[in-house]
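Engineer: no sequence for this one, just the structure:
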């Protein structure tokens, strides 16, 4: 497994998290998310529009163009290799070719999209600092707001089942969403 965070720090475990090896990348940018689509190919997101890609299980990382200088918060993928990245000012970016090109959806909200995850091949959710929950049914081509609890900052979420999403926010805030 892998974890990324802090200024250029990537952590790797090969024994279920009992021990971790730290790698400090040359980038001094704050890292915010990491996702591997297979055992060799992975991506990291960070501040200043940073996207890093490895094709050798993290031995080396190359910067790829994101088309933005804004903070990117999390990254996820589906079984077909569609990548989604969340970011500030309601940004969600989508790539269908392993990060070679990105299409941005902006303005979903004025707030930061803190997390994004696929629940199936085409359905994904995203949560934001404005207490909002968004959904896509076409692998991130279009998004729809499905819930809003203004003022309740949501940091992350868990897809419990196809009919239940739990959103976790600041100060112990937990919200349940049950899609139709």
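Structural biologist: Cool, got the structure. Just so it is clear, the model here is predicted, and its values are computed rather than measured. Numbering: from 1, shown residues only.
Engineer: And for residue 137, the neighbour number?
Structural biologist: Residue 137: 14 surrounding residues under other CB atoms under 10 Å. Quick note: C-beta positions are derived from backbone N, CA and C, even for glycine.
Engineer: List the backbone torsions phi and psi for it.
Structural biologist: Per-residue torsions, residue 137: phi -120, psi 10 (degrees, to the nearest 10).
Engineer: show me what contacts it?
Structural biologist: 122-123 (CB atoms under 8 Å, 6 or more residues apart in numbering).
Engineer: So which bits of stretch 30-37 are buried?
Structural biologist: Applying a neighbour-count criterion of 16 or more other CB atoms under 10 Å, one finds 30-37 buried in stretch 30-37.
Engineer: swap in stretch 80-100?
Structural biologist: Neighbour-count burial for stretch 80-100, with 16+ other CB under 10 Å as criterion, is recorded at 82-88, 90-96, 98-99.
Engineer: of the buried residues of stretch 30-37, closest to residue 153?
Structural biologist: Relative to residue 153, the closest of the buried residues of stretch 30-37 is residue 32; by CB to CB it sits at 15.8 Å.
Engineer: Go ahead and confirm that closest one touches residue 74.
Structural biologist: Yes. Look at residue 32 against residue 74 with CB atoms under 8 Å: they come within range, at 6.7 Å.
Engineer: Quickly list what's touching both of the two.
Structural biologist: Common neighbours of residue 32 and residue 74, using CB under 8 Å, 6+ apart, are residue 45.
Engineer: The residue nearest the centre of the chain: what's it in contact with?
Structural biologist: Among the residues of the chain, the one closest to the centroid is residue 74, at 2.2 Å (CA atoms, centre = their mean). Going by CB under 8 Å, 6+ apart, residue 74 touches 32-33, 45, 85-86, 114-117.
Engineer: a markdown table please, covering those residues and showing distance to residue 9.
Structural biologist: Formatted as a markdown table, the contacts of residue 74 follow (distance: CB to CB, whole Å):
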| residue | distance to residue 9 |
| --- | --- |
| 32 | 11 |
| 33 | 13 |
| 45 | 14 |
| 85 | 19 |
| 86 | 20 |
| 114 | 20 |
| 115 | 20 |
| 116 | 22 |
| 117 | 23 |
